[in-house]
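*Asks:* sequence and predicted model, in that order:
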Amino acid sequence: MTATTAAELRIALVQEASGLEPAANRARLEELVPPGADLVVLPEAFARDFGEAGSDVAPFAEPVDGPFGRELARVAALRGTTVVAGMFEASDDPARPWNTLLVRGAAEAAYRKVHLYDSFGYRESDRLLAGPLEPAVVEVGGFVVGLLTCYDLRFPELARALVDRGAEVLVVPAAWVAGPRKADHWRTLARARAIENTVFVAAAGQPGPRYSGHSLVVDPLGDVLAEAQDGPAVLTATLRREVLDEARRTNPSLANRRL
């Protein structure tokens, strides 16, 4: 995908917890999506939280044009923006939906999480299906945006595949479970994906105490432009094309690849 050239992209990351009642989460979208941004990113599983470890999420799955998708589209149109948020999407297996990022507004897409969180004592694959091995990119405000979900951040090959499809910004909605080293891993991996690919990374997590918080925006040389702490927060940043271009001149690692 080739983006039309734009000088800057205004983004907002909404670090806010989702609850266990889908209707209540939908009702909060209009309040939470701020005005004035080209791209607004909410966390993974915002339509309905995962619940207790191992609990069944299939009863809360819906199609992408279901109640959550329609409300997300309405709020995106109201704010004149593009919004990314996580949901459980009904699949052909009634017991195991997809963990999906829904993009609505000036751009539209649905990305089904590829890497399920079978790690650190969890088994996401017991209750969710992995998505197809197809990197998902969209154009927002003249920038090409690649989509990753939470655990995907630990797999550099997926980020590189998105960049090979033109991604200049990697968006990472997450529900990054809290625990020893977890916030440090999150921050380190977000910066690594930015540095090795010379891209912006915009990573929006759910807040503590259950999740790690620390949503952050990283520039293509690894500098953190904005970062939240553990609690609810809204981060804003402006991504400038001149910064991206200068980073790729300074560190032409993409051009210097041999594999």
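*Replies:* Yep, it's here.
*Asks:* OK, contacts around the nearest residue in space to Pro35 that is not next to it in sequence?
*Replies:* Using Cβ to Cβ, 6 or more residues apart in numbering and skipping residues adjacent in sequence, the residue nearest Pro35 is Arg79, 5.5 Å away. Every C-beta, even on glycine, is put in place using the N, C-alpha and C of the backbone. Going by Cβ atoms under 8 Å, 6 or more residues apart in numbering, Arg79 touches 33-35, 37, 40, 105.
*Asks:* now that we have those, which one has the most neighbours?
*Replies:* Val40 (28 neighbours; other Cβ atoms under 10 Å).
*Asks:* phi, psi for it please.
*Replies:* The phi and psi values for Val40, taken as degrees, to the nearest 10, are phi -120, psi 130.
*Asks:* just the one 5 residues further on next, same as before
*Replies:* Here is the backbone geometry of Ala45 (degrees, to the nearest 10): phi 50, psi 40.
*Asks:* for it, give me the pLDDT.
*Replies:* At Ala45, the pLDDT value in this model is 98.
*Asks:* that one against Met87, yeah?
*Replies:* Yes. With contact defined as Cβ atoms under 8 Å, Ala45 and Met87 form a contacting pair (7.3 Å).
*Asks:* tell me which stretches of this structure form strands.
*Replies:* Along the chain, the segments classed as strands by DSSP state E run 8-15, 39-41, 82-89, 98-104, 109-112, 137-140, 143-147, 169-174, 200-205, 216-218, 224-227, 233-240.
*Asks:* now those strands as CSV including mean pLDDT and distance to Ala255?
*Replies:* Output for the strands of the chain, formatted as CSV (pLDDT from 0 to 100; distance: least, Cβ to Cβ, whole Å):
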stretch, mean pLDDT, distance to Ala255
strand 8-15, 98, 23
strand 39-41, 98, 27
strand 82-89, 98, 29
strand 98-104, 98, 29
strand 109-112, 98, 27
strand 137-140, 98, 20
strand 143-147, 98, 17
strand 169-174, 98, 19
strand 200-205, 98, 18
strand 216-218, 98, 21
strand 224-227, 98, 24
strand 233-240, 98, 21
